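A.B. asks: just need the structure, nothing else, for what follows:
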Amino acid sequence: MPNNIPNLLTWLRILLIPVFVAVFYVSDQTLAPQLKNSIATAVFLLAAITDWLDGYLARKLDQTSAFGAFLDPVADKLMVAAALILLVKLGRADVVLAFIIIGREITISALREWMAKVGASKSVAVSMLGKIKTAFQMAALILLLYHQPLFGMPCQFMGELLLYLAALLTLWSMGYYLMLAMPQLKGK
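C.D. replies: Predicted coordinates:
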């Protein structure tokens, strides 16, 4: 495992997950609910920034590695799954949408692993559609975590709307990746 800045940032993202979750388990007497929302949102934002930064630095510093390419999406999926499960528990996200998003991540991860084994991983590389889905998903999660209105904007409503759009993009992108993999799926 190469110890470089991008990989350390990815490990930081993984280590932030229990911190992020623990914020909501602190008593309301210790942390007011609005403060919990703000802290959890800040931790999630920090994780999202490290996700962008580790990829940028890996390319810029020429520190890409097979281990980093493996760990980065795992860290992303763990953080998103933790946020979705927490939001469902808090009653801020629909369980069906969470299931769609988490189920797609597991399905596409398995598909990419299998495609790599048959030497066709480039055919299911991250697409622009996947990046757009991620942007909607991250914006939705940030708004749902923050929960209270921000400068008059109803964060809960906007977050729910973006989460529905993210779920639709999730299904669309999953169909797209499965279609790209179809020649290999039919041949094996």
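
A.B. asks: you'd agree Asp62 is in a helix?
C.D. replies: No - applying DSSP: H, G, I helix; E, B strand; the rest coil, one finds Asp62 to be coil, outside a helix.

A.B. asks: which helices and strands does the lengthiest helix in the chain pack with?
C.D. replies: If you go by DSSP state H, the chain has its longest helix at helix 155-187. On a contact count with 3 or more CB pairs under 8 Å, 6 or more residues apart in numbering; DSSP states H and E, helix 155-187 meets helix 95-117, helix 128-146. Heads up, the C-betas are built off the backbone N, CA and C, glycines and all.

A.B. asks: which of the residues in the shortest one are classified as buried?
C.D. replies: Residues of helix 128-146 classed as buried by neighbour count (16 or more other CB atoms under 10 Å): 130, 133-134, 136-146.

A.B. asks: could you check how far the residue nearest to the spatial centre of the chain is from Gly152?
C.D. replies: A centroid search over the chain (CA atoms, centre = their mean) returns Val80, at 3.7 Å, as the residue closest to the centre. Note on Val80: its distance to Gly152, by CB to CB, to the nearest Å, is 28 Å.

A.B. asks: kindly report the same for Asp72.
C.D. replies: Distance, Asp72 to Gly152, using CB to CB: 36 Å.

A.B. asks: between the two, which is the more surrounded one?
C.D. replies: Between Asp72 and Gly152, counted using other CB atoms under 10 Å, Asp72 has the larger neighbour count: 21 against 5.

A.B. asks: which element is the nearest residue to that one once chain neighbours are set aside on?
C.D. replies: Nearest residue to Asp72, sequence neighbours excluded (CB to CB, 6 or more residues apart in numbering): Thr10, at 5.2 Å. Element membership of Thr10, judged by DSSP states H and E, is helix 5-23.

A.B. asks: same question for that helix, mean pLDDT?
C.D. replies: Across helix 5-23, the average pLDDT comes to 94.

A.B. asks: put the alpha carbons of it into PDB.
C.D. replies: The C-alpha trace of helix 5-23 is given here as PDB (Å, rounded to 0.1, in the frame of the first residue of the first chain):
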ATOM      1  CA  ILE A   5      -1.000  12.100   0.200                       C
ATOM      2  CA  PRO A   6      -4.000  10.900  -1.900                       C
ATOM      3  CA  ASN A   7      -4.200   7.600  -0.100                       C
ATOM      4  CA  LEU A   8      -3.900   9.300   3.300                       C
ATOM      5  CA  LEU A   9      -6.800  11.600   2.300                       C
ATOM      6  CA  THR A  10      -8.800   8.500   1.400                       C
ATOM      7  CA  TRP A  11      -8.000   6.900   4.800                       C
ATOM      8  CA  LEU A  12      -9.100  10.200   6.400                       C
ATOM      9  CA  ARG A  13     -12.400  10.000   4.700                       C
ATOM     10  CA  ILE A  14     -12.900   6.400   6.000                       C
ATOM     11  CA  LEU A  15     -12.000   7.500   9.500                       C
ATOM     12  CA  LEU A  16     -14.500  10.400   9.300                       C
ATOM     13  CA  ILE A  17     -17.400   8.000   8.900                       C
ATOM     14  CA  PRO A  18     -17.700   7.000  12.600                       C
ATOM     15  CA  VAL A  19     -17.200  10.600  13.600                       C
ATOM     16  CA  PHE A  20     -20.000  11.600  11.200                       C
ATOM     17  CA  VAL A  21     -22.400   9.000  12.500                       C
ATOM     18  CA  ALA A  22     -21.500   9.500  16.200                       C
ATOM     19  CA  VAL A  23     -22.600  13.200  16.000                       C
END
